[in-house]
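*Asks:* With the sequence up front, the predicted model follows.
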Number of protein chains: 2
Amino acid sequence: MAELVGNLLVAQSGGPTAVINASVAGVIHEAGRHECIEEIYGGLNGIFGILREDLIDLNDEKAKAIEGMRFTPAAALGTCRYKVDFKKKPEKAAQDMDRLFQVFAAHNIRFFFYAGGNDSQDTSHKIHEEAIKRGYDLRVIGVPKTIDNDLPYTDSCPGYGSVIKYNAATVMEIGVDVGSMATDDGSCCIVEVMGRSAGWIAAGTVLAKRSPIDPPHIILLPEIPFEEEKFLAKVKETVAAFKYCIVVVGEGLKNAAGEEIGADKTRVDAFGHPVLSGAADRLAEIVQGKLNTKTRTVKLGYAQRAAAHFASLTDANNAFACGEAAVRAAVEGKSGYMVKIVRNPVTDAAGRTTIKWSTDIHPLAEVANVEHFIARDWIDEDGFLPNDKFIEYARPLIEGEVKPIMEGGLPKYVTLEKNRVDKQLSPLA
Amino acid sequence: MAELVGNLLVAQSGGPTAVINASVAGVIHEAGRHECIEEIYGGLNGIFGILREDLIDLNDEKAKAIEGMRFTPAAALGTCRYKVDFKKKPEKAAQDMDRLFQVFAAHNIRFFFYAGGNDSQDTSHKIHEEAIKRGYDLRVIGVPKTIDNDLPYTDSCPGYGSVIKYNAATVMEIGVDVGSMATDDGSCCIVEVMGRSAGWIAAGTVLAKRSPIDPPHIILLPEIPFEEEKFLAKVKETVAAFKYCIVVVGEGLKNAAGEEIGADKTRVDAFGHPVLSGAADRLAEIVQGKLNTKTRTVKLGYAQRAAAHFASLTDANNAFACGEAAVRAAVEGKSGYMVKIVRNPVTDAAGRTTIKWSTDIHPLAEVANVEHFIARDWIDEDGFLPNDKFIEYARPLIEGEVKPIMEGGLPKYVTLEKNRVDKQLSPLA
């Protein structure tokens, strides 16, 4: 095989994470080691920006900015929710593909890396197939990214370890706070975390438990249909035992009919407008109304996926390694793969097991649009807590702390200068 | 003056903070240096528990647990919302005082330290006055504590620096996250923080701004009456300029009529029950409804005051120093005072100003029930952002990071063994 020489394009897609920039830093770092890679470009706002030829020259960024990406949350290149959708909009998708390959050709892009979740892996797969169809020599490698942890084949998804580390610490802290105020009247606090369909994020807060009596006492996963009576009985039992109860709920919690608890259509204001509220607020109304137990809510929202001030070093390192591995695979001639994280347990002479992390690649054709859920036997029979199997899986993902550079008491996150690559094409119609 | 010899009692009251345990650690640390202090007792759940003779022996705790209190959030001794209320319940209050002094006498308590906010300082003041009236030789010193930062005379309140450090970092992180997703459609994120009447906590998030264009773009303080039209115009202008807008709101935001925005009585479910929601959700409905701008909310709730994983070292050190100073003052014969924090700016040869912190004491008679608000001239004329005067005040409070001991990727907070002191009295009726 003749060596492919040309330019590299990396972009980010979907909801940001605390470590998605670490993956881009890994791509840039590894790319610098290969002569076949000439220019290193970043696509702004994912495919959305690439269609507009919004490219920046990453070699023009300061070295310390690239280094700072290893601890800077959110998408330094900007991200998008744009999908090249051959199923629902085949005509538009075909137009997009034409334009994409015009942009690739105009800038001699030969190595393309897209960091994202399920949709983005699907997009990468489509681009890989199109390149073959069009006879355009291109290496496409997907870089996994999603706090939802729902990509298949990879041990875990970069971003997940950090979100559960932060959320578990937060639930632990809320737990000691509420516990220290507990009186005979009892109280309840409900913490809402992200996760529309898979409960990986909510489940991860179980790591806050160092003993069976520690909070969180109840974790409600979107996978387990919500049963109000059973839930109220469990809250009541917990308050009776400990004087307080900490509940974690995944935002996408559903009832047996598949309706989201937090998207209750009966909640309207005086003008008939739907009231914006979430699963936690809805549950608080139920607990307060039916048990007369004082209940407060916490909704971590975007804070949880951006919390680089307490990100997992294991997660950040794995994210970086995924970026490096993507470039290595492409340089070796691979295309149409997603990088995956591999866990290698190593037991030392004293019987202690630690994890050695590595990467491998998996065909995008098998990855795209497959959603990975928590196994039912990783959750207690009553559905209220993940069990030891889950904990054994999740614990190593939160090891170690990323140490952002601090200035004036706050993290000094980096921003890129974003020097634009000259456009070669006429603007997008 | 004959030296007073006897036992010490320390207790915690009101909402916990990330550093209220540091104050107790300071009390214990300093108490160990004075021979006139014999036993060191902790009162469980503040006055509420002391009335029940629920005392523990703090000298019986492990040294590393006491040390660990310097980075452990919440109230290690337990806290309470109980008030000895001579105004509303004079008979009950008189009974409580009788009982309190029975407990003090039964355990030879001669040094009493109460860490808390306005109500607790009032309680300390009452106890001091009662001791004089009863001719019971007792030294009472109040230790300041409140994330609300609304105690007078002290430069700042232990707990405040940590809550604004965490909140500012969180708003900064949410800002880069939302900014990296921003598209021409525009988006808004509203972060709700604590603060019922004073806006100190909301104001503190301004520290996230390193340049005028940085988020937060709007901070809504409870002190400034909310004007919907003016607010919407500002959000619209911000989204037009930056494609996104980050709003911080103090939970107690009120309209011109003094009604809380988040406690809107028009919000009921299909059964007529009031909908539990907060200021942020209400504002999100307004922004989404009137501007058609996609809006998400974050409600930090208890997480913000318990976030010892990112507490301010300055704050924790000041909290510890307040505990030490309380004991020193009492040993020197003072009673009826609150410790206050004093800021001493020191300018070096290069013209750089740093703060040297010290403590002093202030008569409780002047402190009790006085609420300290942000000066109006520390806030921009349009009321949407604190100005440089506020920033100059707040910045030094968030300097440095507390480093909790970590285990398995999470902070290893301490719990006390709580060995009970034998009860001497008959149970409380």
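*Replies:* Received the coordinates, thanks. Only a predicted model underlies this, so the values are computations on that prediction, with no experimental measurement involved. Residues are numbered from 1 along each chain as shown, chains lettered A, B, ... in the order given.

*Asks:* drop to CA atoms for contacts and neighbour counts, all remaining ones
*Replies:* Noted.

*Asks:* which secondary structure element contains A:Thr354?
*Replies:* Applying DSSP states H and E as the criterion places A:Thr354 in strand A:353-363.

*Asks:* Direction included, what does that strand pair up with?
*Replies:* When pairing is defined by DSSP bridges, strand A:353-363 lines up against strand A:337-347 (antiparallel).

*Asks:* any residues touching the strand it pairs with, and which ones?
*Replies:* Strand A:337-347 has contacts (CA atoms under 8 Å, 6 or more residues apart in numbering or on different chains) with A:121, A:125, A:140-144, A:153-157, A:318, A:322, A:325-326, A:353-365, A:367.

*Asks:* Is there a quick PyMOL command that grabs whichever of the residues you listed are buried?
*Replies:* In PyMOL syntax, the buried subset of the contacts of strand A:337-347 is picked out as below (16 or more other CA atoms under 10 Å in any protein chain shown):
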select buried, chain A and resi 121+125+140+141+142+143+144+153+154+155+156+157+318+322+325+326+359+361+362+363+364+365+367
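
*Asks:* got the buried residues for stretch A:73-93?
*Replies:* Buried, per 16+ other CA under 10 Å, within stretch A:73-93: A:73-80, A:82-85, A:93.

*Asks:* cool, and stretch A:389-409?
*Replies:* So stretch A:389-409, judged by 16+ other CA under 10 Å, has buried residues A:390-391, A:394-402, A:404, A:409.

*Asks:* Looking at those residues, which are in helices?
*Replies:* A:390-391, A:394 (DSSP state H).

*Asks:* Now pLDDT and distance to A:Glu237 too, for those residues, in TSV please.
*Replies:* As requested, these are exported to TSV (pLDDT from 0 to 100; distance: CA to CA, whole Å):
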residue	pLDDT	distance to A:Glu237
A:Phe390	98	24
A:Ile391	98	24
A:Ala394	98	28
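
*Asks:* Point out the other helices and strands that the longest helix along chain A packs with.
*Replies:* In chain A, with assignment by DSSP H, the single longest helix is helix A:160-181. If you count contacts as 3 or more CA pairs under 8 Å, 6 or more residues apart in numbering or on different chains; DSSP states H and E, helix A:160-181 packs onto strand A:187-193, helix A:200-204, strand A:244-250, helix A:302-306, helix A:313-331, helix B:302-306, strand B:410-411.

*Asks:* what angle sits between the longest one and strand A:337-347?
*Replies:* Helix A:313-331 and strand A:337-347 meet at an angle of 130 degrees, taking axes from the mean of the first three to the mean of the last three CA atoms, to 10 degrees as the criterion.

*Asks:* What pLDDT does the model give A:Ala263?
*Replies:* What the model reports as pLDDT for A:Ala263 is 77.

*Asks:* count of neighbours near the closest residue to it other than its chain neighbours?
*Replies:* Distances taken as CA to CA, 6 or more residues apart in numbering or on different chains put A:Gly278 closest to A:Ala263, at 6.8 Å, once the chain neighbours are dropped. By other CA atoms under 10 Å in any protein chain shown, 24 other residues sit near A:Gly278.

*Asks:* what do you get for A:Asp380?
*Replies:* A:Asp380 has 12 nearby residues by other CA under 10 Å.

*Asks:* wait, it sits on A:Pro386?
*Replies:* Yes - at 5.7 Å, A:Asp380 counts as touching A:Pro386 under the criterion of CA atoms under 8 Å.

*Asks:* Outline the domain layout of chain A.
*Replies:* Annotated domains of chain A cover A:6-146+A:307-369+A:392-411, A:160-306 [automatic domain parsing].

*Asks:* Turn those into JSON lines, including distance to A:Leu428.
*Replies:* Formatted as JSON lines, those follow (distance: least, CA to CA, whole Å):
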{"stretch": "domain A:6-146+A:307-369+A:392-411", "distance to A:Leu428": "6"}
{"stretch": "domain A:160-306", "distance to A:Leu428": "32"}
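
*Asks:* who wins for proximity to B:Met69 among those domains?
*Replies:* Nearest to B:Met69, of all those, is domain A:160-306, at 12.5 Å by CA to CA.

*Asks:* Give me the below-cutoff pLDDT ranges for the stretch 201-350 of chain A.
*Replies:* For the stretch 201-350 of chain A, the stretches with pLDDT under 70 are A:264-277.

*Asks:* got the buried residues for stretch A:324-333?
*Replies:* Buried residues in stretch A:324-333 (16+ other CA under 10 Å): A:324-331.

*Asks:* Let me have the residues you listed in CSV, extended by distance to chain B.
*Replies:* Conversion of those to CSV gives the following (distance: CA to the nearest CA, whole Å):
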residue, distance to chain B
A:Glu324, 23
A:Ala325, 25
A:Ala326, 23
A:Val327, 24
A:Arg328, 27
A:Ala329, 28
A:Ala330, 27
A:Val331, 29
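
*Asks:* of all the residues you listed, which comes closest to A:Asp348?
*Replies:* Looking across the buried residues of stretch A:324-333 and measuring by CA to CA, the closest to A:Asp348 is A:Ala325, at 27.1 Å.

*Asks:* Surely that closest one touches A:Ser358?
*Replies:* No - taking contacts as CA under 8 Å, A:Ala325 lies outside contact range of A:Ser358: 9.4 Å.

*Asks:* ok, the most far-flung residue of chain A relative to its centre - contacts?
*Replies:* Most distant residue from the mean C-alpha position of chain A: A:Asp184, 40.0 Å away (CA atoms, centre = their mean). Neighbour list for A:Asp184: A:Lys243 [criterion: CA under 8 Å, 6+ apart].
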